[in-house]
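Asker: Fold the following, please.
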Amino acid sequence: NCPTKEPSVGVVNDFKFVLIGKGNKICSYNDNTGKISWFCDDMAGQKFIIQPHNLNLFLCSDREIRVYNPENNLTVQEFGEINDPNAQYTALGYKKHEVIVAYNPNPGNRKQSKTIIKIFKEAAIEEQIMRFLKQGEDTEAERIFYIGYKGKPNLDQLKNEFELNRGWIQFFHRLEFESATYSLINGKIDPRELMIVFGYDQHCRALADIISKQPKDSAENYIEDYIKKINSSLDTKYTLNKAKESLLNVLNNVYWALGKETVDRRIMFSGCPYSEVSNLIKPEYKEVRISDILPILKTVIIFVLSDIGFNMELEKAFTKRDAFFEDEVKLYLTRMKQKEPLAIYFEGTGDITNALKTWQEIGDDRAIIKTISIIKNTNLSRDNLFRYCRWIIREKPDQVIQIMLQYEKTSLSPELVIDFLRDCDSEESLVLKYLRSFISERKDTSQSLHNTLAFEYIRQIYELKNPSRGYEEKCSDEESLALSRENFRTFLNESEHYNAQIVLNKIKTSWMMEEIILLLVKAGKHSEALETYLDKDMDKEAEEFCEAMDEKLNLITTLFEIYIKRFIYWDEKLGIIKTQELSSIEYGKANAHKQRYEASVMSILQKYACNSSLDAIRVIQAFPDNWDLTRGNNYDVMKYLKTVLDYKLTMQENNEIGEGLSKVEYINLDYKVAQKKRAYVKITSDYI
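Answerer: I've put the predicted structure just below:
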C-alpha cells in the first residue's frame, strides 16, 4: 500500500524500484526494465507506457512529474555537490521549488551501499531556458519561457531577447544556421554584432569605430570549438562558408527592411544578452541613424559575397547604386587575390579599363562572356576595342564579328576591321565571315569590298585544296571545299558589284573551271567561256551551258562557230602534217580532233535546225568556201538548209494563215453587230 496524499517512496534492492505518489496518482519505475507506468488510484484508469534511456531521477512539481538523467540535470540547482555521476538517484519529496533526493553512490555494491540525502532547488527561469537551448530542446525552452513570463508587461522585449539568445546559440554553439537565421531576424538582431564576430570590423573602419575592443572569440573560434567538441570530420572552412551564407541572409533581410525606412530616422537595435559583442559596442553607438548603417551593411554584404564566391549576386549588388565604402571594398578584394570579384568590382564602379584587363587575366569562359558583354555596352576607343577583342576572337570569332558589325560608338571603317581581322592569329576565315555579313546587312555596293570578298573566297578554297594539285585530286575535307566553292559561285552569280576581270585574273590558271566560266560570262567573254569547256573536252557541258543562258545571246550559234574554227584549224594541221610527212601519231591525233569537231558541227545543225537560238545566216557565213554541202554520214548542210527553209516557210505560212483567220473573225464580228443594229421590236397587246 502506498499513500496518495503525500509524496513517498518504496525501495527494493538498492533503489531498483521506485514509487512516487502525488495527489491521486501513482508513478512506478522499474530500473531493470526501464519502464515507467502511470496509474489512477482505482487502477482502472488509462495506462501510459514510455521507454526512457538511463533515466533514474524523478522530480515532482505542482504541474507534473518529470524524470531526469543525473548527467543531464538541466532544471535543478543542487545544494552541496554530488561527485559521483553514476550514483542511483531517487526523488523522495517535493516542497515549493525544492526536491529532496536520496542517492546511493555505490548502487552496484551491496556491502558499500548507503543512502545520501540532497536537496535540489529549482533553477531560475533564465538559466532553465539557456540550458535547454544549449541542449537543443528549443520546444521545452519556449514552453518554460511562456509559463515563466506569462503576464509580464515587457513580454515583447523578453521575447526578442529569447529569440536572440536562441539564434546566437543555434548559430555559434549548435551550428544550426538555417534555424538561427530565422531566430535572429525575429529577434531584431543588431547586424553589427554579427559583422564584428565574423571579423569584418578589421576591414571596415566605420564598423571598427563602434566597439571599445576586439571580442575574444570569433565565428571561426566558435565553429572550430564545436567541431572539436563533437569530434567531427567537418571541414572548418566549408562550415564557416555555410555560416557566412546564413550571415548573408540576415544582413540582406536587415538591409532590405532598413532600406524602406526614412534614412534620417534613428533606431535602437536589440542587443543579444548572451552575446559578448553586445557589451562591446560603445554607448554612443547603441542608437544609430539608418543613413549611417546602410553603407556599412552594403560594404560587409559585398565582403561576404566575395568570401563565399557568390559572384552572380555580387554583380547584382553593384548594379544597385547604393552607397558603400569603395576604397575599403577595393582593398579587401585586392588582398583576397581572387580576380573575379575584383573584376566585378571594377565593372560595377565604372572602371571599365581595369575590368577588361582583369577579365583578360582570368581568361576563362566566363571572362570571355563578360568581356563581350562589356564591349557591347560600353563606348570604347578603337584601340581598346581591338585590344580586348583580340584575345577572345579565337574562342568566339562569330561574336567578335557581330560586335564589329554593330559597333557604331566609334568610327570603324570596314577596311580597318579587315586589317584587324587579318592580323589576328586565327584559323577561321574571319575576313570572309565579316565581309559576307557586312555586305548583306549594309547592302554595300562598293566594288573594292566586293572584290575583297571574292579574293577571300579564293583564299579559302586554295587553303582547302592545295593549288598545286590536279583538278581530279581530292583534298582532305571534300565537303568543306564543295561548300566553299558553292558559296563562291553563288556570290559570283548574285553580285553585280565586283570587277569580273580582276577576279578572273586571280584564278584563270587554276583548276576552278566553273568559277572561271562564270567570271568569263560576267565579263561578257562568252566565247572564251565556251573555249574553256572545249579545252577540257566538255562538249556536252558547253552545250548545256548555252541552253541555260539567255536565248537572246545566241550562244548556240557562237558554239557552232567555235566548232567550225576548230575544225578548220585541225584540217589545216592535217595538211601541214601530210606535207612535212610527220609521224603517224601526230596525224592520228589531228585527224581525231578534226572528226570530233566535224561531228559536233553536224550535231548542232541537226539538233537546232528548227530552233531560233541557231542563227541560220551566221551558220552559212561560218562555213569555209571549200566545204562540201553534201558532206556528212547521216546529215549534211543541204539537209540542214532544206529543214531551215521548210521551218521558215512553215512559220511564214502559219503567220499568213493566222492573219487570215483573224480577218475572218473580225468580219464575222462586224456582221453580228450590223445584224443587231437592223433588228426591231414588235409590241403586241400581250405585252401591254
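Asker: which residues does the residue nearest to Q606 when sequence neighbours are not counted contact?
Answerer: Excluding its sequence neighbours, the residue lying closest to Q606 (CB to CB, 6 or more residues apart in numbering) is Y635, at 4.7 Å. No exception for glycine: its C-beta is placed from N, CA and C like everyone else's. Neighbouring residues of Y635 by CB atoms under 8 Å, 6 or more residues apart in numbering: M602, L605, Q606.
Asker: Show me where the stretch 51-200 of the chain has its strands.
Answerer: Ranges of strands in the stretch 51-200 of the chain, per DSSP state E, counting those that start in this stretch, are 57-60, 65-68, 76-79, 88-95, 98-104, 116-122.
Asker: Could you verify my assumption that A355 touches I375?
Answerer: No: the criterion here is CB atoms under 8 Å, and A355 misses it with I375 at 10.8 Å.
Asker: N493: helix or strand, and which one exactly?
Answerer: Assigned by DSSP states H and E, N493 belongs to helix 478-494.
Asker: What of Q621?
Answerer: helix 616-622.
Asker: Pull out the buried positions in that helix.
Answerer: Within helix 616-622, the residues scored as buried using 16 or more other CB atoms under 10 Å are A616, V619, A622.
Asker: picking up where we left off before, any idea which of the strands of the stretch 51-200 of the chain scores lowest on pLDDT?
Answerer: Lowest mean pLDDT within the strands of the stretch 51-200 of the chain: strand 76-79, at a mean of 40.
Asker: Now for T532: which residues touch it?
Answerer: T532 neighbours (CB under 8 Å, 6+ apart): M513, I516, I517, L520.
Asker: Dump these into TSV; add pLDDT as well.
Answerer: Shown next, in TSV, are these (pLDDT from 0 to 100):
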residue	pLDDT
M513	84
I516	87
I517	84
L520	86
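Asker: What's the ChimeraX syntax to select whichever of the contacts of Y635 are buried?
Answerer: In ChimeraX, this line selects whichever of these come out buried by 16+ other CB under 10 Å:
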select :602,605
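Asker: Out of the contacts of Y635, name the ones that lie in helices.
Answerer: The helices, defined by DSSP state H, take in M602, L605, Q606 from the contacts of Y635.
Asker: Same list (the residues you listed) but as TSV, adding pLDDT and distance to S218.
Answerer: Formatted as TSV, the ones in helices among the contacts of Y635 follow (pLDDT from 0 to 100; distance: CB to CB, whole Å):
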residue	pLDDT	distance to S218
M602	84	106
L605	82	106
Q606	81	105
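Asker: Which single one of these is nearest to L412?
Answerer: L605 (60.4 Å; CB to CB).
Asker: The closest one touches K642, doesn't it?
Answerer: No: using CB under 8 Å, L605 is not in contact with K642; the gap is 11.4 Å.
Asker: Go through whichever strand or helix holds Y388 and flag the buried ones.
Answerer: Taking DSSP H and E as the definition, Y388 sits inside helix 382-390. With burial defined by 16+ other CB under 10 Å, the residues of helix 382-390 counted as buried are R382, N384, L385, F386, Y388, C389, R390.
Asker: got it, and stretch 480-499?
Answerer: L481, S484, R485, F488, R489, F491, L492, S495, Y498, N499.
Asker: now, which of these sits nearest P283?
Answerer: S484 (80.6 Å).
Asker: how near is the closest one to E478?
Answerer: 11 Å (CB to CB, to the nearest Å).
Asker: Kindly report the same for K565.
Answerer: 37 Å.
Asker: Same check on R459?
Answerer: R459 is 18 Å from E478, by CB to CB.
Asker: try V637
Answerer: From V637 to E478 the distance is 47 Å (CB to CB).
Asker: What of A355?
Answerer: 46 Å.
Asker: quick one: the strands in the chain?
Answerer: Assigned by DSSP state E, the strands in the chain fall at 17-22, 25-30, 35-40, 48-50, 57-60, 65-68, 76-79, 88-95, 98-104, 116-122, 266-268, 287-289.
Asker: Can you list the buried residues in stretch 510-527?
Answerer: 512-513, 515-523, 525-526.
Asker: ok, back up a step: nearest to K159, of the buried residues of helix 382-390?
Answerer: Distances from K159 to the buried residues of helix 382-390, taken by CB to CB, are shortest for Y388, at 56.9 Å.
Asker: how about that closest one, what does it touch?
Answerer: So Y388 contacts L356, Q360, T371, I375, L380 (CB under 8 Å, 6+ apart).
Asker: if I look at the closest residue to the fourth one other than its chain neighbours, how far off is L234?
Answerer: In space, not counting the residues next to it along the chain, I375 is nearest to I403; the distance is 5.8 Å by CB to CB, 6+ apart. Here I403 is placed at a distance of 48 Å from L234 (CB to CB).
Asker: Neighbour count for these two, which is higher?
Answerer: I403 (19 against 14; other CB atoms under 10 Å).
Asker: looking at it, that one is touching S373, isn't it?
Answerer: No: under the criterion of CB under 8 Å, I403 is not in contact with S373, lying 10.6 Å apart.
Asker: picking up where we left off before, more crowded one of R459 and E478?
Answerer: Neighbour count, other CB under 10 Å: between R459 and E478, R459 has more, with 14 against 11.
Asker: Tell me the confidence at the more buried one?
Answerer: Note on R459: pLDDT of 89.
Asker: Over to K376?
Answerer: pLDDT, K376: 87.
Asker: how much space between the closest residue in space to it that isn't next to it in sequence and E415?
Answerer: For K376, ignoring the flanking residues on the chain, the nearest one in space by CB to CB, 6+ apart is I403 at 6.3 Å. Taken as CB to CB, the spacing of I403 relative to E415 amounts to 17 Å.
Asker: count of residues packed around K286?
Answerer: Around K286 there are 13 other residues, counting by other CB under 10 Å.
Asker: Touching, it and S270? I think so.
Answerer: No: here K286 does not reach S270: they are 10.7 Å apart, not a contact under CB under 8 Å.
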